[in-house]
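> give me the fold of what follows.
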Amino acid sequence: MRPPLGSAMPDGIYNNPLTQPALIPLKPKDYLLIMARRKGLIPFLILYPLSLLYGLGVAVRNMMFDKGILKQRKFNIPVIAVGNLTVGGAGKTPHSEHIIEILKGEYRIGLLSRGYKRNTKGFVLAGANSRPQDIGDEPYQMYRKFSHDGVMVAVCESRVKGIETMLELNPTLNLIVLDDAFQHRYVKPTVSVVLTEHSRPVYNDSLLPYGRLREPARALDRADVVVMTKCPDEMKPVDFRIFKETFNLFPFQKLLFTRYKYLLPKALFPENVIPESTLDMGCLTREDTLLAVTGVANPRPFIRYLRSHYKAKVKILRFEDHHNFTNSDMQSILRKYNNMEGRHRYVVTTEKDAVRLANNPYFPPQLRGFAYYIPIAVEQIQSGDPPLANILRQLIRNQGSIRS
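Residues are numbered from 1 along each chain as shown. Below is the predicted model of the structure:
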């Protein structure tokens, strides 16, 4: 039996500014004192008992799956489940896309998602006439990106029903990728890939509603691959070692590290771009201004990228995650844009927000030639670990991990 998660504390950890405070696992008593001071005593007294009740419900549910009281369905083709333990953006969609990208040449892949915040119910197959509101932002984005590669994209609240329907419609599929499915235990995956953010590791957090955890950190025991996402460029070999010792995973598990690679900006409305409105990031100066419009859970990495890589001034207009942009929102964007000073002015947004903005009938026509989004790609940091593609191939070949 291994020690608890986060029990390894190598010498010198407190001298590593890169990993403070994220890396240091706290004792429960110390953590609760810090959080009570940070969030206030009243929220602590109200929400923390609710977290205990929520945790009891999660524990009972997981026990029922572990004991076989609640049944899991195992399919005769490999299923890769991508998910995380927290609410908010840990990078599930970019990593699902990354898995599809590295395996699409070897498998006929189906991507199944819940379709968060869509206006439809039940099973919906993505097609040429699909809209973000029909299937959800992320599935729509992945359909646009991979449909030409023959990847089948669908959404369904029930992952079991979704996979069954996909296989009925396309019996040639030989790999299913489940987006945001770690807690959906009615499907028994061949491989579980769990994500945790570098700046918000799971071992220093509380369960909902006081914290951000959907499950206790020990639920990582069910994972085959744990991926620390959104890592900074400055990570050194000692940082990898410290994180690995702190997570203290089982021998059969792999801990990998990834970061986002931001690509060249693309026009939101290519047909409206004229030479005078073309965005050349390399030519921007402090006389130019970017209006960053975001509707994602954690826009900080995107804003940090804009400010660190480009000389232009950056103004921010932030909306909630998965925000449905209204006519009033579009007028706010237009007013903010018109009030900005700058030799050249542009609206820039994330790849995730682009699918909602580009399909929005209220987007101001006068801004269409000056609106861009910045695609991202997932890049594995070489920390002495094999590439994710090789790990997935081996796990699929072995039909999942060999657990001791």
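> tell me the centre residue of the protein?
G91 (1.8 Å; CA atoms, centre = their mean).
> which residue packs closest to that one, ignoring adjacent ones?
T229 (4.2 Å; CB to CB, 6 or more residues apart in numbering). For the C-beta atoms, the positions are set from N, CA and C on the backbone; glycine is no exception.
> neighbours around the one you found, how many?
Look at T229: counted by other CB atoms under 10 Å, it has 24 neighbours.
> any idea how far it lies from L255?
12 Å (CB to CB, to the nearest Å).
> what ranges do the helices span in this structure?
Counting by DSSP state H, one finds helices in the chain at the ranges 28-39, 41-66, 92-103, 132-135, 137-146, 159-169, 237-247, 300-309, 327-339, 351-358, 388-397.
> who wins for proximity to V193 among those?
helix 92-103 (7.0 Å; CB to CB).
> got a list of what F319 touches?
Applying CB atoms under 8 Å, 6 or more residues apart in numbering to F319 gives the contacts 293-295, 325, 329.
> also L208?
Contacts of L208 by CB under 8 Å, 6+ apart are 51, 54, 87, 214.
> could you do I99 as well?
Counting by CB under 8 Å, 6+ apart, the residues that I99 touches are 80, 82, 177, 193, 388, 392.
> what sits opposite the nearest residue to the last one once chain neighbours are set aside in the beta ladder?
So the one you mean is L392. Nearest non-adjacent residue to L392, counting by CB to CB, 6+ apart: V191, 6.2 Å away. Beta-bridge pairing for V191 (DSSP bridges): I80.
> can I assume V191 is in contact with V225?
Yes: taking contacts as CB atoms under 8 Å, V191 lies within contact range of V225: 6.9 Å.
> what touches both of the two?
Common neighbours of V191 and V225 (CB under 8 Å, 6+ apart) are 392, 395.
> shaky segments in the chain?
1-38, 400-404 (pLDDT under 70).
> for it, what's the longest strand?
Counting by DSSP state E, the longest strand found in the chain is strand 254-262.
> so for that one, what gets flagged as buried?
254-260, 262 (16 or more other CB atoms under 10 Å).
> widest-spaced pair of the residues you listed?
K254 and Y262 (25.8 Å).
> can you give me how far the longest strand of the chain is from the chain middle?
Centroid displacement of strand 254-262 relative to its chain, using CA atoms, centre = their mean, to the nearest Å, is 12 Å.
> just stretch 137-147 next, same as before
15 Å.
> export it as PDB, just CAs?
The C-alpha coordinates for stretch 137-147 follow below in PDB (Å, rounded to 0.1, in the frame of the first residue of the first chain):
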ATOM      1  CA  ASP A 137     -19.200  24.500 -28.000                       C
ATOM      2  CA  GLU A 138     -16.400  21.900 -27.700                       C
ATOM      3  CA  PRO A 139     -18.000  19.100 -29.800                       C
ATOM      4  CA  TYR A 140     -18.700  21.600 -32.500                       C
ATOM      5  CA  GLN A 141     -15.100  22.800 -32.400                       C
ATOM      6  CA  MET A 142     -13.900  19.200 -32.600                       C
ATOM      7  CA  TYR A 143     -16.300  18.300 -35.400                       C
ATOM      8  CA  ARG A 144     -15.000  21.300 -37.500                       C
ATOM      9  CA  LYS A 145     -11.400  20.300 -36.800                       C
ATOM     10  CA  PHE A 146     -11.600  16.500 -37.400                       C
ATOM     11  CA  SER A 147     -14.600  15.700 -39.600                       C
END
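> buried set for it?
For stretch 137-147, by 16+ other CB under 10 Å, it's 137-146.
> go on, stretch 64-78?
P78.
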